[in-house]
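Q: Predicted model and sequence follow; I will ask about them next.
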Amino acid sequence: MRIKPFLTIIMALVFATTACSDPAGSVTIIASHEVDGTPLVIDNLRYTNEAGNPYLVNEVQWFISNVELEDCSGNRVMLAETWYVDTNLPETQTLRVSKVPAASYTILRFTFGFNDADNQSGRFSNPPESNMFWPDELGGGYHYMKLNGKYQNPDSLLAPLAIHLGRGQNEGHTEFYDNSFTVELPIELNIYDGHDYPLGLVMNINQWFRDPVVYDFNTFGSAIMQNQQAQQTLKRNGHNVFSTKNPEDMKSALETTMELLHKAAPKPHFMTWKNIKNTFSNIKKPKNN
């Protein structure tokens, strides 16, 4: 029995596509915020920085750009040109990238904020990213970060805390400075064909205020957008603000979460917020003897 010509062509194309495709997997980076090893709790006066300032955090919003992986041979793979993370928007806290070439990756690299070439006003036309604009009179572009909250001043009163990072300027407002910086984090990420790998990216809030310069809220005050000394200090301290979590630990945590979510469903793959809350409530209940 002869195979029709058009079927032969289709089979040949399918074979060629599968045979010539390069092995690749997916990477899911999950951003989180901690304070010296414990998850950040919003709107709670429970933290103290290195200078002894009690403080609370209302929200944290930040950009990183040129997010890439580097493998053991020095080859680089771009994951995202920009990534916006917002504690008010859980959907922004995950970056999933497909078709990442299979390899052993040893470095996660990114720019905190934007370098001067990339930091152009009008780049984002829609919120929430557009809400991060940096005023043109201060150099334009976008905030690298907004860390908003309150701190306890020497009079034991709560004062506004606005750690806003972006372009700096001199006192005469005649020169502007690029305050972005590059972060390189060592990782052990072995990607195989067809697999999805989680990677945790953690920001330790207290590290902004610790090393190598102790950052005192009483010294720099509440608003620092026009204070290049404060901007430069935070830029220097930013070198070890970020760390990564082991992919296997993240994978285990994700699998556990998904298992709990499916237990909450009244039928397979059907989830409701009410059922999820009920499930977690039942899990927390002590077992009867």
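A: Looks like it came in fine.
Q: Just give the strands next to the longest strand seen in the chain in its sheet, each with its orientation.
A: With secondary structure taken from DSSP state E, the chain has its longest strand at strand 54-71. Partners of strand 54-71 in the sheet, by DSSP bridges, are strand 47-48 (antiparallel), strand 76-86 (antiparallel), strand 104-112 (antiparallel), strand 145-152 (antiparallel).
Q: Same list, these, but as CSV with mean pLDDT and distance to Thr233 please.
A: Where C-beta positions appear, they are placed from N, C-alpha and C, glycine not excepted. CSV is the format used below for these (pLDDT from 0 to 100; distance: least, C-beta to C-beta, whole Å):
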stretch, mean pLDDT, distance to Thr233
strand 47-48, 98, 18
strand 76-86, 98, 22
strand 104-112, 98, 14
strand 145-152, 98, 14
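Q: Can you say which of those is nearest to Asp193?
A: Closest approach to Asp193 among those is made by strand 104-112 (13.4 Å; C-beta to C-beta).
Q: which residue ranges form the helices in this protein?
A: Listed in chain order, the helices of the chain (DSSP state H) span residues 5-20, 217-220, 228-237, 247-263, 273-284.
Q: What pLDDT is listed against Lys4?
A: The predicted local distance difference test score for Lys4 is 48.
Q: Give the buried residues for the longest strand of the chain.
A: Residues 54-58, 60-71 are the ones in strand 54-71 that count as buried (16 or more other C-beta atoms under 10 Å).
Q: With stretch 217-234 instead?
A: Residues of stretch 217-234 classed as buried: Phe217, Phe220, Ile224, Met225, Gln228, Ala230, Gln231, Thr233, Leu234 (neighbour count, 16+ other C-beta under 10 Å).
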